[in-house]
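Trainee: sequence unknown, structure follows:
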């Protein structure tokens with residue numbers, strides 16, 4: 001069942017801490033609904049001129065993960081979203097969006113374009129986060145560079161989305177199977 005607001009001018013933002021399941025859910029949900037999908041890890045590495053699978057073992061807020069480079073990455077995400085929406089295609093953005101200011105920029109873009117924006121906050125228990133990060137560390141094709149120490153720092157600095165209206169925010173725990181999560185998300189976004 002497609003979400004109620006699958007109009008061409010729709011912007012969906014999957015966000016949360018690293019290893020929260022947002023990328024898996026966002027990519028699958030976008031594909032299921034024929035939406036453009038942009039992932040911050042891929043865009044970041046594209047901007048840096050490296051392949052998505054090239055690991056970057058940067059410290060928190062350093063290198064391509066510095067505040068300045070992250071800002072460039074998020075600006076590129078918004079430019080890609082704007083181009084797709086202008087072409088009549090709804091968009092899914094996938095990034096941590098841990099700062100209120102970055103979420104505000106998404107809302108401003110949606111307002112300029114006359115789009116409805118929905119933020120999907122993904123989460124899971126810490127033991128599941130640790131398990132996912134350990135599994136990811138063994139995957140040579142992993143795009144994300146998230147590690148446990150980065151997760152802990154991100155958790156400290158994550159700004160809760162208090163600025164978002166209830167109509168703009170959906171929260172989902174990603175412990176279930178992807179298929180079950182897709183059905184749950186469709187129901188949540190239809191309401």
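Mentor: Thanks, I have it. As the structure is a computational prediction, the values presented were derived from the model and not from experiment. Residues are numbered from 1 along each chain as shown.

Trainee: any idea which helix or strand comes after the longest strand seen in the chain?
Mentor: In the chain, assigned by DSSP state E, the strand with the most residues is strand 116-123. Using DSSP states H and E, the helix or strand that follows strand 116-123 towards the C-terminus is helix 126-137.

Trainee: what does that next one contact?
Mentor: With Cβ atoms under 8 Å, 6 or more residues apart in numbering as the test, helix 126-137 has contacts from 17-21, 124, 142, 144, 146-148, 151, 175. Any C-beta I mention is one placed from the backbone N, CA and C, and that applies to glycine too.

Trainee: and those residues, which is closest to residue 82?
Mentor: Nearest to residue 82 among the contacts of helix 126-137, counting by Cβ to Cβ, is residue 144 at 24.7 Å.

Trainee: report pLDDT for that closest one.
Mentor: We have a pLDDT of 76 for residue 144.

Trainee: for the one 3 residues further on, same thing?
Mentor: At residue 147, the model reports a pLDDT of 75.

Trainee: and the closest residue to it other than its chain neighbours, how many residues sit next to it?
Mentor: In space, and not counting its chain neighbours, residue 147 is closest to residue 133: 6.2 Å by Cβ to Cβ, 6 or more residues apart in numbering. Counted with other Cβ atoms under 10 Å, residues neighbouring residue 133 total 19.

Trainee: what do you get for the one 4 residues further on?
Mentor: For residue 137, the neighbour count with other Cβ under 10 Å is 12.

Trainee: any idea of the pLDDT on it?
Mentor: pLDDT, read off for residue 137, is 80.

Trainee: distance check, it against residue 104.
Mentor: Per Cβ to Cβ, to the nearest Å, residue 137 is found 33 Å from residue 104.

Trainee: circling back: hmm, which of the contacts of helix 126-137 are the buried ones?
Mentor: For the contacts of helix 126-137, a neighbour count by 16 or more other Cβ atoms under 10 Å gives the buried set as 17, 18, 19, 20, 21, 124, 142, 144, 146, 147, 151.

Trainee: hang on, the earlier thing: distance to residue 77 for the contacts of helix 126-137 - can I get that in TSV?
Mentor: Below are the contacts of helix 126-137 laid out as TSV (distance: Cβ to Cβ, whole Å):
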residue	distance to residue 77
17	18
18	17
19	20
20	18
21	19
124	23
142	20
144	15
146	18
147	23
148	26
151	21
175	27
